[in-house]
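Enquirer: Give me a model of this one.
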Amino acid sequence: MVAAAVGAAAIGQVFDGALLIVIFATSGALEALAAKRTEDSVRDLLDLAPDHATRLTPVGEERVEAADLRVGDVILVRPGERIGADGAVVAGTSAVDQASITGRACRPTSTPVTRCSRVP
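Expert: Numbering: from 1, shown residues only. Here you go, the predicted structure:
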């Protein structure tokens, strides 16, 4: 970029060289802005994920880290809670908000055998 601007100035095209520098500086600033906005969006999306889940065991309910859930675990999702793992509704009926995943604003009713996804 600098070489092209110097070359343009050397052949008498100072305005073109200056314009080239302005264009490259602007594109660099726009790239930095886009990267920052993307980083912020990803961070906000990760903040939606719940840290804990309520796992049902033969003894009762157990509050565990969402990262400690394993395939086959049954979790209890109370109204208004975010889902701590991917899974399927095995019993009961509730409204599950999956708008952050599907982009749909409606709250579909989840019934047994409905597939649910972890937020995000």
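Enquirer: Every contact and neighbour count from this point should use C-alpha atoms.
Expert: Fine.
Enquirer: any low-confidence regions in the chain?
Expert: The model of the chain has pLDDT under 70 over residues 95-120.
Enquirer: give me that answer again for 90
Expert: Scanning the chain for pLDDT under 90 picks out 1-18, 20-21, 41-54, 56-57, 66-120.
Enquirer: Tell me where it has strands.
Expert: Ranges of strands within the chain are 52-56, 61-65, 74-76, 87-88, 94-95, 109-110, 115-116, based on DSSP state E.
Enquirer: nearest to residue 8, of these?
Expert: Closest to residue 8 of these is strand 115-116 (C-alpha to C-alpha; 59.7 Å).
Enquirer: ok, now which ones touch the residue nearest to residue 18 when sequence neighbours are not counted?
Expert: Closest residue to residue 18 apart from its sequence neighbours, by C-alpha to C-alpha, 6 or more residues apart in numbering: residue 5 at 6.7 Å. Residues counted as contacts of residue 5 (C-alpha atoms under 8 Å, 6 or more residues apart in numbering) are 14, 16-18, 20-21.
Enquirer: Considering these, which possesses the most neighbours?
Expert: Within the contacts of residue 5, neighbour counts (other C-alpha atoms under 10 Å) peak at residue 17, which reaches 22 neighbours.
Enquirer: Was I right to think that one contacts residue 10?
Expert: No. If you go by C-alpha atoms under 8 Å, residue 17 and residue 10 don't touch, sitting 9.3 Å apart.
Enquirer: circling back to that earlier point, output the strands of the chain as CSV; include the columns distance to residue 42 and mean neighbour count.
Expert: Shown next, in CSV, are the strands of the chain (distance: least, C-alpha to C-alpha, whole Å; neighbours: other C-alpha atoms under 10 Å):
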stretch, distance to residue 42, mean neighbour count
strand 52-56, 20, 19
strand 61-65, 21, 13
strand 74-76, 26, 19
strand 87-88, 23, 16
strand 94-95, 26, 16
strand 109-110, 27, 15
strand 115-116, 21, 14
